[in-house]
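# I would like to see how this sequence folds:
(one chain, ligands or ions: 1)
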Amino acid sequence: MVYVDSEVSRLRTVLLHRPSGELARLTPRNNDSLLFDGIPWVSRAQEEHDAFAEALRSRGVEVLYLGDLITETLSVPEARTELTAGVLSDRRLGDSLRATVAGYLADQDPARLAEVLVAGLAHEEIKSGGGGLVYEMMDRHEFVIDPLPNLLFTRDSSVWVRDRVAVTSLAMRARRRETTLTHAVYRHHPRFAGTELLFDPSLEHVEGGDVLVLAPEVLAIGVGERTTPAGAERLAQRVIAAGLAHTVLAVPIAQERATMHLDTVCTMVDVDAVVMYPNLAHTLRAWTVTGEPGGELRVREPRPFLEAAADAMGIDRLRVIDTGLDPVTAEREQWDDGNNTLAIAPRLCVAYERNVETNAQLESAGIEVVRISGSELGSGRGGPRCMSCPIQRDPLR
Ligand SMILES: NC(=O)NCCC[C@H](N)C(=O)O
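Presented below is the predicted three-dimensional model:
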C-alpha cells in the first residue's frame, strides 16, 4: 500500500537508507564536493541510524531500506542492465576502462553490485584498466564510479503524493546518480508494480526536501539552491493535471547551504502547526499556483507564506510553534537541523537530541518529541525529515 496526503498523519511505511561504505569514501579532499561538512565516524553513524530506525519501528512504522530494495531490484535483468549501463555511460571512463568496469560489474551478484552502485568504486579496486590511458592517468584517489554518501537523505530523491511517486531531478552533481536508483526501484521492484510516476529525473530540478504536502491537495515547494522556479512550475503542472492538488505554493528560500531545502527551515508537527526557523518565520512569502485537471495554471502574486498556506489548507491559521529562541541559538539549532522534524503522527515527531532548546519549546507547545542522536549523521547536514521518505501514511481525511 502506498499513500501520502499529508506531512503528519500516522506514518505506516517509510523508506530509509542505512549508511555504509559510501560514508567511508569521504575524505578531507572530497567532503566539500560530496556535500558533507565533516568526515563521519561510520560505525557510530550506523548506530545512530539504527536507533532512528528502531524509534520508528517501535512506534509501529514499517521501515524499508533502500539498499535492500536496490539489491532486490537488481535481480530483475532489465533493471540490472539499465543500472549498469547508467554508470558505464560516464564519459570520463573511455573505452578501455569502460570495458574493464563492465566486466567487473558483470561478475558481481546483486548484493555486491548494489554495494558498488552506492559506495562507488575506487581506482585501486580495479587491478587493471585494460591498458588504456584513462586508468593509467587517474590519480589513485579518484573514483571510477563515484560514491553516493547523500543517499542517506532519502527525502530528496523521491516524493510520494497520494499514490504516485515523483522521482526527483537533483540539482547537485554529487547527487544526480541517486535518482537512477530510485527510478529503477519504483519501476522494477515488485512491491511498487503498477505505481505511476509523477515526475522523472530528466525534468527541471526539484528536490524532495523542498516539497511539503501541507494538506490533502495542497503542496508547498521551496525554490532556492536546489529546486528551480521551472522545477516548481513543472511539478505544479503535474500534480494539478493529475488531480492530486488544487494549490501549490512556491516559496522562495535563500540560495545558501544553511537553507538548501524548505524542510531545513520549516516542517509540520500537527495538522495545523509548523516548527519554523524563527529568524525567517514571518518573512517567508509564497506565490500561489492553482488550477484544475485540463485547465490553465493561475499564478497569484506573493503574499506571506503563513497566510497563503492557511487559505489553501482551508484553516483559519497555520500555527507557528514559536521556539522563542534568541537569534544566535536559533541559528545554531537551525544549522543542526532543529527545524527538520519527522512527524510520526499529529503532535508526535522525531528530532535530533542536540537541539535542546527547540525541542524544549516543541514540548511546551504540546508536541511529543522522540529524540535521536545525530552527531555523525548530521555531518551531512540533514535531520530526521531529510533521512526519511514516507511511502504510506493514514489518509488525513
Ligand atoms: N532535505 C534535506 O535538507 N536534505 C539534506 C541533504 C544534505 C546533503 N548533504 C545535501 O547537501 O544535499
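
# just the helices in the stretch 201-350 of the chain please.
229-241, 305-313, 327-335 (DSSP state H, counting those that start in this stretch).

# could you find the closest non-adjacent residue to residue 61?
Nearest residue to residue 61, sequence neighbours excluded (C-beta to C-beta, 6 or more residues apart in numbering): residue 11, at 5.1 Å. All C-beta spots, glycine's among them, are computed from the backbone N, C-alpha and C.

# what pLDDT does that neighbour get?
Looking at residue 11, its pLDDT is 98.

# in the chain, what helix or strand scores lowest on average pLDDT?
Lowest on mean pLDDT, DSSP states H and E among the helices and strands of the chain sits helix 327-335, with a mean of 87.

# so how far is that helix from its chain's centroid?
Relative to its parent chain, helix 327-335 has a centroid offset of 22 Å by C-alpha atoms, centre = their mean, to the nearest Å.

# stretch 211-231 now?
The answer for stretch 211-231 is 13 Å, by C-alpha atoms, centre = their mean.

# let's see that stretch as CSV, backbone CA atoms only.
Taking C-alpha atoms only, stretch 211-231 is exported to CSV below (Å, rounded to 0.1, in the frame of the first residue of the first chain):
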residue,chain,number,x,y,z
VAL,A,211,8.3,19.6,-1.2
LEU,A,212,5.8,19.7,1.7
VAL,A,213,2.4,18.1,1.5
LEU,A,214,0.7,20.7,3.7
ALA,A,215,-2.7,19.1,3.5
PRO,A,216,-4.6,16.9,1.0
GLU,A,217,-4.3,18.6,-2.4
VAL,A,218,-2.1,21.4,-1.1
LEU,A,219,1.7,21.4,-1.6
ALA,A,220,4.4,23.9,-0.7
ILE,A,221,7.6,23.8,-2.9
GLY,A,222,10.7,25.7,-1.7
VAL,A,223,12.6,27.4,-4.5
GLY,A,224,16.2,28.1,-3.8
GLU,A,225,19.6,26.4,-4.1
ARG,A,226,18.1,23.2,-5.3
THR,A,227,14.6,23.5,-6.7
THR,A,228,14.3,26.0,-9.6
PRO,A,229,11.2,28.1,-10.5
ALA,A,230,11.0,25.9,-13.6
GLY,A,231,11.1,22.7,-11.4
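
# can you give me the mean pLDDT across it?
Mean pLDDT, stretch 211-231: 97.

# next secondary structure after the helix or strand containing residue 116?
Using DSSP states H and E, residue 116 sits in helix 110-119. Scanning forward in sequence from helix 110-119 by DSSP H and E, the next helix or strand is strand 121-122.

# tell me the gap between that next one and the middle of its chain.
That offset, for strand 121-122, works out to 24 Å (C-alpha atoms, centre = their mean).

# what lines up beside it in the sheet?
strand 143-145 (antiparallel) (DSSP bridges).

# kindly report the residues of the protein close to the ligand.
35, 150, 153, 155-156, 172, 175, 209, 260-261, 263-264, 380-382, 386 (C-beta under 6 Å from any ligand atom).

# mind doing that once more with 5 Å?
Applying C-beta under 5 Å from any ligand atom, we find that the chain lies next to the ligand at 35, 150, 153, 155, 209, 261, 263, 264, 380, 381, 382, 386.

# count of neighbours near the closest residue to the ligand within the chain?
Nearest residue of the chain to the ligand, counting by C-beta to the nearest ligand atom: residue 209, 2.2 Å away. Per other C-beta atoms under 10 Å, the neighbour tally for residue 209 reads 24.

# sec struct for residue 50, please.
At residue 50, secondary structure determined by DSSP: H, G, I helix; E, B strand; the rest coil is helix.

# care to break the protein down by domain?
Taking automatic domain parsing as the criterion, the chain consists of the domains 11-69+149-393, 70-145.

# so what's the gap between the shortest one and the chain middle?
When you say that, I think you mean domain 70-145. Counting by C-alpha atoms, centre = their mean, domain 70-145 is centred 25 Å from the centre of its parent chain.

# mean confidence score for that domain?
Averaged over domain 70-145, pLDDT sits at 94.

# and the most far-flung residue of the chain relative to its centre, what helix or strand is that in?
Ranked by distance from the centre of the chain (C-alpha atoms, centre = their mean), the top residue is residue 131, with 39.9 Å. Using DSSP H and E, residue 131 sits within no helix or strand.

# equivalent analysis for the one 5 residues further on, please.
Element membership of residue 136 [criterion: DSSP H and E] is helix 133-137.

# surely the residue of the chain closest to the ligand and residue 265 touch.
No. With contacts counted by C-beta atoms under 8 Å, residue 209 stays clear of residue 265, the gap being 10.5 Å.

# quick check: end-to-end length of stretch 309-319?
Length of stretch 309-319, first residue to last, C-alpha to C-alpha, to the nearest Å: 11 Å.

# give me the distance from it to the chain's centre.
26 Å.

# flag every buried residue along it.
Buried positions in stretch 309-319, judged by neighbour count with 16 or more other C-beta atoms under 10 Å: 309, 310, 311, 312, 313, 318, 319.

# what mean pLDDT does the one helix or strand residue 159 maps to get?
Secondary structure from DSSP H and E places residue 159 in strand 158-161. Averaged over strand 158-161, pLDDT sits at 98.

# one step back: and the residue nearest to residue 61, what does it touch?
56, 61, 342, 343, 344, 345, 390, 392, 393 (C-beta atoms under 8 Å, 6 or more residues apart in numbering).

# chain neighbours aside, what residue packs nearest to residue 252?
Residue 252's closest residue in space is residue 223 (C-beta to C-beta, 6+ apart), at 5.3 Å.

# how many residues are close by that neighbour?
Residue 223 - counted by other C-beta under 10 Å - has 23 other residues nearby.
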